[in-house]
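*Asks:* Sequence first, then the predicted structure, then my questions.
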Amino acid sequence: MNGTSRDWLHSGVAAGALLVAALLLYHDTVASMVAVWWRSDTFAHGAIVFPVCAWLSWRKRAELAALEPQASLAGLVALAILVAAWLFARLADVLVAEQLALVAMIPAVVWALLGPRALLVLAFPLGFLVFAVPFGEGLIPALMDFTASFTVRALELTGIPVYRDGLHFSIPSGDFEVAQACSGIRYLIASVALGTLYAHLTYYTFWRRVLFVALSLLVPLVANGLRAYLIVMIAYWSQMRLAVGVDHLIYGWIFFGLVMFALFWLGLLIRERDPAPAVEPVLRPRVHDAAHPRLLVPALVAAITLAAAPLAARQLARLTTTEGTAPQLPAAAASWRGPLAPALAWQPDYRGASDERIARYEGDGGVVQLAILSYAAQAQGTELINSENLPYDSRWDLVASDATRAPDGSGGTLPARATRVQGAGGRLLVWHWYAVGAQTTASESLAKIYQAWSTLRGSPGGAALIAIATPEEPDAAAAAARLAIWLEAHGRALSACADRATEGCGG
């Protein structure tokens, strides 16, 4: 065994041991990824990403053998940054950020123990690991809006009268709604993952690879719009007898197969006309740097760095546990009466709240219903910000959601989210925002950052959702004015509650 082979054996074993240790130390993050692969058709492809990465890496073995593995201080720094990012994501309960940080630790370990040249050789296999992370659900609202806009515009060009209101639209034969299942996120993620792999294996010129990846992004977007349009047209031609229910799903799966066929057909049009140039491994002379750290030292530093974050997360979780206090509803002010028993068939669909209070207020302008849901301490499954949490329950369907400014009762405004929903009871306008410590925000990202910062300071991990709803009577503008009037009268009391959110929004 020559020197280079011995170096690769030692470095490879050390890197492999660290990667196994990382999967064990962060086993709950790994388990969360596997759980999503198992239960979600959208992210089922994640289960084969690691085997594909291993196969792609094996194809690079000749190029790796021509290099000398060398530990890298820059790689250790990158690993430390990613470990810190994982810890921050854990404290903020941002699961997808935890998963991305963990997956990014794999190339960081390669960089730290095998060196930048090995990292460059393995750049694509290691980069492809990002598709193992189940992310992209944040694109669903934008994709739903695109699908609705595409479908409505196509119907207009066809000459069919159509009326659109948010994600709902009507034609002479019936009403339609762009639901989450119609967003096309499943097509998009699978297409981009497959298209990226195909581009890497098929093309060798950079611009062709970029073009095909762009096509794998564009084709499913347009195709999903066409799918929605055809479903509406089939329903129109058949007087709503076809293209609904099971037919809807069948057309969707058939259409997905056609999308993949179209994508690869376009790929053939830009195929390489000349064979790929042969790449011969470049043998480099071994360079011994007396100042370069030995393998044992960086391996130990990397191991300690990897172990630090899970231990710190457990300790901080114990320090920040709090029981909190029950939230209090503000007394009625001005000409309003309340708090009274809830009358609207509405409440936020937020899971894991430690306490919740819902009441209605009546005035000359109509009815406003208030909901305060407090979270004394947050953890996975019992956090304020979760992709499954919605400001309306299953009795309602989304019409539109936009940012707005709500009166705070002191002459100023606070950021809020205005959501319009419809159901059997008509239409509602819902305004909601979050209180985390002394901070008030409508941004889910900022709420997570405030939560993590509060935990790092050793403060209680409490927070609250504040939401108000009113019927859209006689229209949306009147409903918004009614909510604004109610907040002018009660905003100061709600602000006082928000300032004590870390105590459970107690009064």
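*Replies:* Cool, the structure landed.
*Asks:* Report the helix or strand with the lowest average pLDDT across the protein.
*Replies:* helix 246-269 (a mean of 71; mean pLDDT, DSSP states H and E).
*Asks:* C-terminal to that helix, what's the next element?
*Replies:* helix 296-319 (DSSP states H and E).
*Asks:* Can you list the neighbours in contact with that following helix?
*Replies:* By CB atoms under 8 Å, 6 or more residues apart in numbering, the list of residues contacting helix 296-319 from outside reads 14, 18, 21-22, 25-26, 71-73, 76, 79-80, 83-84, 86-87, 90-91, 105, 109, 112-113, 379, 455-456, 458. (Each C-beta comes from the backbone N, C-alpha and C, glycine too.)
*Asks:* Give the residue spans of the stretch 201-350 of the chain that score low on pLDDT.
*Replies:* 240-253, 273-294, 317-327 (pLDDT under 70).
*Asks:* Could you pull up phi and psi at the nearest residue to Ala442 once chain neighbours are set aside?
*Replies:* Nearest residue to Ala442 in three dimensions, chain neighbours excluded: Pro415, at 4.1 Å (CB to CB, 6 or more residues apart in numbering). Here is the backbone geometry of Pro415 (degrees, to the nearest 10): phi -70, psi 140.
*Asks:* Contact partners for Pro415?
*Replies:* Ala403, Arg405, Ala406, Trp433, Thr440, Thr441, Ala442, Ser443.
*Asks:* In strands, which of those residues appear?
*Replies:* Ala403, Arg405, Ala406, Trp433, Thr440, Thr441 (DSSP state E).
*Asks:* among those, which ones are buried?
*Replies:* Taking 16 or more other CB atoms under 10 Å as the criterion, what is buried in the ones in strands among the contacts of Pro415 is Ala406, Trp433, Thr440, Thr441.
*Asks:* so can I have CSV of these showing distance to Thr42 and pLDDT?
*Replies:* CSV is the format used below for those (distance: CB to CB, whole Å; pLDDT from 0 to 100):
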residue, distance to Thr42, pLDDT
Ala406, 34, 89
Trp433, 29, 92
Thr440, 33, 83
Thr441, 29, 86
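*Asks:* can you give me the helices in the stretch 101-250 of the chain?
*Replies:* 116-121, 123-127, 140-158, 185-202, 206-237, 246-269 (DSSP state H, counting those that start in this stretch).
*Asks:* Domain-wise, how is this protein divided?
*Replies:* The chain breaks down into these domains under automatic domain parsing: 3-135+277-281+294-319, 138-269, 337-503.
*Asks:* before we move on, back to that, of all pairs in the ones in strands among the contacts of Pro415, which one spans the longest distance?
*Replies:* Farthest pair in the ones in strands among the contacts of Pro415 (CB to CB) is Ala403 and Thr440. Separation: 14.0 Å.
*Asks:* and which of the buried ones among the ones in strands among the contacts of Pro415 is nearest Arg61?
*Replies:* When these are compared against Arg61 (criterion: CB to CB), the nearest one is Thr441, at 50.1 Å.
*Asks:* ok, that closest one - contacts?
*Replies:* Pro415, Trp433, Tyr434, Ala447, Tyr450.
*Asks:* Please convert the buried members of the contacts of helix 296-319 into PyMOL selection syntax.
*Replies:* Listed next is the PyMOL selection for buried residues among the contacts of helix 296-319, using 16+ other CB under 10 Å:
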select buried, resi 14+18+22+25+26+71+72+76+79+80+83+86+87+90+91+105+109+112+113+455
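*Asks:* In strands, which of the contacts of helix 296-319 fall?
*Replies:* Going by DSSP E, the strands hold none of those.
*Asks:* Restricted to helices, list the contacts of helix 296-319.
*Replies:* 14, 18, 21-22, 25, 73, 76, 79-80, 83-84, 86-87, 90-91, 105, 109, 112-113, 455-456 (DSSP state H).
*Asks:* related to what we said a few turns ago, and the helices of the stretch 101-250 of the chain as TSV, adding mean neighbour count and distance to Phe176?
*Replies:* What follows is the helices of the stretch 101-250 of the chain, written out as TSV (neighbours: other CB atoms under 10 Å; distance: least, CB to CB, whole Å):
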stretch	mean neighbour count	distance to Phe176
helix 116-121	18	50
helix 123-127	18	40
helix 140-158	17	8
helix 185-202	19	19
helix 206-237	18	6
helix 246-269	14	11
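*Asks:* so can I have a markdown table of these showing distance to Ala463?
*Replies:* Compiled in a markdown table, these are given as follows (distance: least, CB to CB, whole Å):
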| stretch | distance to Ala463 |
| --- | --- |
| helix 116-121 | 40 |
| helix 123-127 | 35 |
| helix 140-158 | 23 |
| helix 185-202 | 28 |
| helix 206-237 | 36 |
| helix 246-269 | 38 |
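*Asks:* Show me the strands in the stretch 301-450 of the chain, by range?
*Replies:* 337-340, 355-363, 366-375, 396-407, 413-423, 426-436, 439-441 (DSSP state E, counting those that start in this stretch).
*Asks:* Packing partners of the longest one?
*Replies:* Okay, so that is strand 396-407. Packing partners of strand 396-407 (3 or more CB pairs under 8 Å, 6 or more residues apart in numbering; DSSP states H and E): strand 413-423, strand 426-436, helix 476-499.
*Asks:* Fine by me, thanks again.
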